[in-house]
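# Next come a sequence and a model predicted from it.
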Amino acid sequence: MVTPCGVTADATWQSLVAGRSGIGPITQFDATAFASRIAGEIRDWDPSPFVDKKKRKEVSRFEEFALASAAMAVHDAELDLTEEERDRAACVIGVGIGGLGVIERTVEVIREKGPSKVSPYSIPAIATNLAAGQISIVHRLRGPSLCTSTACASSAHAIGEAFEMIRHGRASVALAGGAEATITPTCIAGFQAMFALSRRNDDPEKASRPFDKGRDGFVCSEGGAVLVLEPLARARKRGARIYAEVTGYGASSDAFHPVQPASDGAGARASMRAALHDARLPPDAIDYLNAHGTSTPLGDVQECKAVAAVFGDHATSRKLWMSSTKSMTGHLLGAAGAAEAAVCALACAHGVVPPTINIEEQDPDCALEVVPNHARERQVRHALSNSFGFGGTNVTLILSRVG
């Protein structure tokens, strides 16, 4: 994982469990004139341990995050593939927007110096599928290589689709996850124009506050996360460190509005129920739910209503623990689903549920157990992760503890 809370999965996990925010003032451009001047940046980012000097000439920031996350995942998994296995090794990386910063800089070059001065690397540095492509090249993965681009559900879709490939025998192993790097004037101005971003500029660490009555929008962040997926039998045979098993994948569409969630939460309910059906689990089997929980006034309420409808008394009596780690990482957009699936895997492995921080007065319309402010220990047998995106796309993943 590469997140505003840490570069490495362990650093991110330790920050989340400690309830530390990774949000701060924007430093990547002059945001003085912007109404929202905060973000979850990867501070002092140095790609050199993960991306060789020659490769760095042809990749943009989101691709660096993808390559770094993949390198760490392969190392952690001790994944050593034979040439025959590489022929059936997939790479599925979700990216919501891609090289937006490169687009902005390329436009400036054309205006100031003319089109002949545009870099030949500009298109490969912009294209969303090049995150998967570059990972496949570096790790010599010759199976399916593709990008899922479904806004904030992109990397959750990536994990779900990689899961399906393995389950149906189309791949023997997969690197799956997401990456995003859009702390740019266009992105911040665009979301700001929609009144989607928090404007709590004077107190950045408290700006992302899902389920709190004082929330005023999400905080845009950047980063990446990649997971190694393989059949359980294969992992056990080679003695791999297993964090969790992907057991359920559900997806749906609101078919309602380009950017607003369906008012009745039907799409969110459908994706959660589909994942539970896929995992062959009753609702009360879920111990922890990592919410989409972006900290928007409307979205948080709609998700809580959908959770209450699906889980019934298990949720309303607060037996189901739910938290939004976006309260600490901010919203990684296309990379969010993978980062939060990784959090669910770590919760299963370590028996700890990370908190939702910045809960000062919980919204009565979000009257569920949101693990306010402090992590708690709990044996997590099954964890569920929600990811919802513009266009009404919804994804739910279920990860389960392996005994």
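Structure received.
# Can you mark which positions in the longest helix along the chain are buried?
Ranked by number of residues, the top helix in the chain under DSSP state H is helix 61-77. Neighbour counts over helix 61-77 (16 or more other Cβ atoms under 10 Å) mark 61-74, 76-77 as buried. C-beta coordinates here come from the backbone N, C-alpha and C atoms, glycine included.
# Nearest to P47 among the residues you listed?
E64 (4.2 Å; Cβ to Cβ).
# how close does A383 get to A240?
Relative to A240, A383 is positioned 20 Å away (Cβ to Cβ, to the nearest Å).
# Neighbour count for these two, which is higher?
Neighbour tally, A383 and A240, criterion other Cβ atoms under 10 Å: the higher count belongs to A383, 27 against 16.
# So that one sits against A342, correct?
No. Taking contacts as Cβ atoms under 8 Å, A383 lies outside contact range of A342: 10.9 Å.
# Just the pLDDT for K54.
Reported pLDDT at K54 in the predicted model: 89.
# What is the neighbour count of T329?
If you count neighbours by other Cβ under 10 Å, T329 ends up with 30.
# any idea how far A347 is from it?
According to Cβ to Cβ, T329 and A347 sit 15 Å apart.
# Then W45?
Distance from W45 to A347, by Cβ to Cβ: 27 Å.
# And those two? Which one has more around it.
In terms of neighbours (other Cβ under 10 Å), A347 is the more surrounded of W45 and A347; the figures are 31 against 16.
# just to revisit the earlier point, now for the longest helix of the chain, which elements pack on it?
Helix 61-77 sits against strand 2-3, helix 130-139, strand 173-180, strand 223-229, with contacts defined as 3 or more Cβ pairs under 8 Å, 6 or more residues apart in numbering; DSSP states H and E.
# which of the buried residues of helix 61-77 lies closest to R111?
Set against R111, the nearest of the buried residues of helix 61-77 by Cβ to Cβ is R61 (21.9 Å).
# residues near the residue nearest to A153 when sequence neighbours are not counted, how many?
What sits nearest to A153 in space, not counting adjacent residues and going by Cβ to Cβ, 6 or more residues apart in numbering, is G389, at 3.8 Å. For G389, the count of nearby residues is 25 (other Cβ under 10 Å).
# quick thing: my sequence starts at 59, can you match it?
With 59 as the first residue, the last one maps to G447.
# Let me see the contact set for A309.
By Cβ atoms under 8 Å, 6 or more residues apart in numbering, the contact set of A309 is H215, G218, S329, A332, T451, N452, V453, T454.
# Could you rerun that using 10 Å?
Contacts for A309 were tallied using Cβ atoms under 10 Å, 6 or more residues apart in numbering; they are 208, 211, 214-215, 218-219, 325, 328-329, 332-333, 336, 445, 451-455.
# now the helix or strand harbouring S445: mean pLDDT?
Following DSSP states H and E, the helix or strand that holds S445 is strand 440-447. Strand 440-447 carries an average pLDDT of 98.
# Show me what it is packed against.
Where contact means 3 or more Cβ pairs under 10 Å, 6 or more residues apart in numbering; DSSP states H and E, strand 440-447 is packed against helix 212-225, strand 303-311, helix 324-337, strand 346-348, helix 355-369, strand 379-381, helix 394-408, strand 451-458.
# can you rerun that using 7 Å?
Applying 3 or more Cβ pairs under 7 Å, 6 or more residues apart in numbering; DSSP states H and E, one finds that strand 440-447 contacts helix 324-337, strand 346-348, helix 394-408, strand 451-458.
# I'd like the ones you listed written out as CSV, with mean pLDDT added.
As requested, the helices and strands packed on strand 440-447 are arranged in CSV below (pLDDT from 0 to 100):
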stretch, mean pLDDT
helix 324-337, 98
strand 346-348, 98
helix 394-408, 98
strand 451-458, 98
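# Could you point out which of these sits nearest M59?
helix 394-408 (5.7 Å).
# The closest one: which residues count as buried?
Within helix 394-408, the residues that qualify as buried are 394-407, counting by 16+ other Cβ under 10 Å.
# Stretch 316-324 now?
Applying a neighbour-count criterion of 16+ other Cβ under 10 Å, one finds P319, A320, G323, A324 buried in stretch 316-324.
# Would you format the helices and strands packed on strand 440-447 as CSV with distance to E419 included?
Formatted as CSV, the helices and strands packed on strand 440-447 follow (distance: least, Cβ to Cβ, whole Å):
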stretch, distance to E419
helix 324-337, 24
strand 346-348, 22
helix 394-408, 25
strand 451-458, 28
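# Alright, calling it a day.
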